[in-house]
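# with the sequence up front, the predicted model follows.
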Amino acid sequence: MRKIIFDTDPGIDDAYAIITAMKHPDIKVLGICTVAGNKGIEFTTTNAQKLIKLMNYDCQVYKGAKDSLLKVADDAGATHGIDGLGGVPLVYDKSSLSSISAVDYILNTVKENPNEIEIIAIGPVTNIALAIRKDKETMKKIKAIYTMGGGVYRGNITPVAEFNYWYDAQATKEMFELGVDVPIHMIGLDITHKSIVTNNDLEFMKMTGGELGQLLYDMILPYVEAYWKFSKYTGCVIHDLLCMIYAIDQTVCPKEAIYHSHLEVSTTGITIGQTVVDIVDSWKQPKNVYVPLKVDENKYKELFFKIVFGEEVAEMYRKYVLS
Amino acid sequence: MRKIIIDTDPGTDDAIAIIAASKQNDFDILGITTVAGNKGIDITTSNALKLIQLCTLKCKVYQGAEKSLQDQSHLMGDGDDSHGSDGLGGIVKLDYNLKDLSDKHAVDFILETVKANPNEVELLVIGPVTNIALAIKKDFETMKKVKAIYSMGGGIHSGNMNPVCEFNYWFDGLSTKLMFDLGEFVDIHMVGLNVTKPSYFSANDFWFIRLEGGKLGRVIFDIQSAVMNTSGLKEEGIIGNIIHDLLTVMYMMDHSILKTIRTKVHVSTKEYIGQTIADISGNSLEKENAFVAIEVDIKKYKDSFIKLVFGEDVELLYQNHVKS
């Protein structure tokens, strides 16, 4: 069993990623750490609790940073609906919130399971940076970090910066300093925007996915409207889900297009949050990131349907939607 | 202005066809006649009344045949209920006003209107053709003065009730045969499953209509998404819906959307009732009775629908951004 900790700001796309991990037979989600980002910390924390209740999963939520290190950013507004989960009615148990902080939980868990813990960091990476500041030697014993953020050739919140990294650029810079010792995989906008889940896909999920399919469909409607409005996509980009699927099966990205490179993060001025990636290794600096730049979008979506809804639905997806 | 009577059994696809017809500037819709088919006559009639209100049409509804001349509706299983509980998908709530319902029978309305406008009236027939057959039986000479009939039904080697029969014609095979007998005197255009099936609207299309189509777009989305289901997926292999009747009315507006061949259509009334049998090789020596659609320009069809109902700016967005 792979031992995973989520560091997340749910968030519609976070919810898709977390549910997928919870559905995977070989993955044990040990805990969910929350951070401010898509919404404020109170929202993201109760949203994480709602997902645990929805999936009837045995783990707890560990509340993390309520502000980014530089405290410059605001949340993502209405993109994720007023409550961060598209307004779908979900309940939660108070008991699913631990009294341990996110940073302590990460450090304790890594200490107890050296070189075994994988972190799925799909929000701003404030908690990761705080844990590194507190105990870098322990953090070096993380097995791997899969982070959704950044981009090589594009941004979203600015022309050169992606939301998660822009939200806490300083933390991002500090996280990647760990990348010399711990493999960090960056799932950036270059490939998330090549992996559009179309409205055909979503209607298929609603038809074949039972109650959970209907819920995930209802949850994502604010995304569908936002992506049409701002990007003219007939569908949406579920960034964090791609990060999760890649963590599950790296072959969704062709091996020759995964670049082991040196990455720097801008922390000031108009470039704040930008990831500068030396794909061609011209600087000859230490390599601190793995960046996939190509993705097999059909394989990605098929894997999602297989993990969450089963082989039969995946088979129908192959037969009727992909072909 | 073209003078048009719509003979219909609304019906989720009839509804979209009527919306489109109501938007066409040179269509003067003289009346809507109803027939049993997709649903019983009470429901199809009240649905026609709802569409009159929705589309602010000034004409009336004329109720027609409640029973087909060759009834095999008892063979329709529950699985054939593909139009939702109320025939319009069951989600949208639309009002109607009984003052829009005439007390004149559909057959009489058709005959009187043709008499008053000889060689001018075009019939858009998008349900079972029982009313047309009854009018022919009652007054064949008058029916010869219909200008043209556009009929959704049949198909060339294509079916939906079984491998070779389409619903409207299957529902009343005998009436279908009687209608095509008129085809020696009146231009009959048959728009069958062989062209409607490939011309489906995908979920991506419907979402576009919802996102850019304002109130009417939302109504169309709600009507159509209600009947988008796994049977379409498994039987046709599509995520979306075929809007058979819409293709018929769009072709009526612009003949370049379909390629047709003039030939003889035979209708089976014994086995595989309602099957249309036609030689489309171009070598038929029989006396022709119909223009049979054999090819469709899908892009032109969908683009022109979007343009007609939502305007040129929306059509441009559709062309530039939507992959079906």
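That came through, no problem. Numbers count the residues shown, from 1 in each chain, chains lettered A, B, ... in the order given.

# so what's the closest residue to chain B within the stretch 201-323 of chain A closest to, chain neighbours aside?
Taking C-beta to the nearest C-beta, chain B has its nearest neighbour within the stretch 201-323 of chain A at A:Glu203, 3.7 Å off. Yep, even glycine has a C-beta here, placed from its N, CA and C like the rest. Sequence neighbours aside, B:Ala203 is the residue nearest to A:Glu203 in space, at 3.7 Å (criterion: C-beta to C-beta, 6 or more residues apart in numbering or on different chains).

# picking up where we left off before, isn't there a helix covering the residue of the stretch 201-323 of chain A closest to chain B?
Yes: according to DSSP: H, G, I helix; E, B strand; the rest coil, A:Glu203 belongs to a helix.

# how far does whichever strand or helix holds A:Val313 sit from its chain's centre?
Secondary structure from DSSP states H and E places A:Val313 in helix A:311-316. Centre-to-centre, helix A:311-316 and its host chain are 25 Å apart (C-alpha atoms, centre = their mean, to the nearest Å).

# the stretch 151-300 of chain A: helices as residue ranges?
A:163-167, A:169-177, A:189-192, A:199-208, A:210-231, A:239-248, A:297-309 (DSSP state H, counting those that start in this stretch).

# now do B:Leu233 against chain A, distance only.
Between B:Leu233 and chain A the computed distance is 5 Å (C-beta to the nearest C-beta, to the nearest Å).

# gap between that residue and A:Glu203?
Here B:Leu233 is placed at a distance of 9 Å from A:Glu203 (C-beta to C-beta, to the nearest Å).

# A:Ala161 too?
33 Å.

# same check on A:Pro183?
For A:Pro183, the distance to A:Glu203 - C-beta to C-beta - is 38 Å.

# which stretches of the stretch 1-150 of chain A form strands?
Secondary structure of the stretch 1-150 of chain A (DSSP state E, counting those that start in this stretch): strands at A:2-8, A:27-34, A:60-62, A:117-121, A:144-148.

# including mean pLDDT, mean neighbour count and distance to A:Arg133, could the ones you listed go into JSON lines?
As requested, the strands of the stretch 1-150 of chain A are exported to JSON lines (pLDDT from 0 to 100; neighbours: other C-beta atoms under 10 Å in any protein chain shown; distance: least, C-beta to C-beta, whole Å):
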{"stretch": "strand A:2-8", "mean pLDDT": "98", "mean neighbour count": "24", "distance to A:Arg133": "15"}
{"stretch": "strand A:27-34", "mean pLDDT": "98", "mean neighbour count": "23", "distance to A:Arg133": "15"}
{"stretch": "strand A:60-62", "mean pLDDT": "98", "mean neighbour count": "24", "distance to A:Arg133": "17"}
{"stretch": "strand A:117-121", "mean pLDDT": "98", "mean neighbour count": "24", "distance to A:Arg133": "16"}
{"stretch": "strand A:144-148", "mean pLDDT": "98", "mean neighbour count": "25", "distance to A:Arg133": "16"}
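
# and chain B, which of these is closest to it?
strand A:144-148 (25.1 Å).

# I'd say the residue of the stretch 201-323 of chain A closest to chain B and B:Ile239 touch.
Yes: counting by C-beta atoms under 8 Å, A:Glu203 touches B:Ile239, with 5.3 Å between them.

# between those two, which contacts overlap?
Common contacts of A:Glu203 and B:Ile239, defined by C-beta atoms under 8 Å, 6 or more residues apart in numbering or on different chains, comprise B:Ala203, B:Met228.

# for the residue nearest to A:Ile191 when sequence neighbours are not counted, give me its contacts.
Spatial nearest neighbour of A:Ile191, excluding adjacent residues (C-beta to C-beta, 6+ apart): A:Val295 at 4.3 Å. If you count contacts by C-beta under 8 Å, 6+ apart, A:Val295 has them with A:Ile191, A:Lys194, A:Ser195, A:Leu242, A:Val252, A:Cys253.
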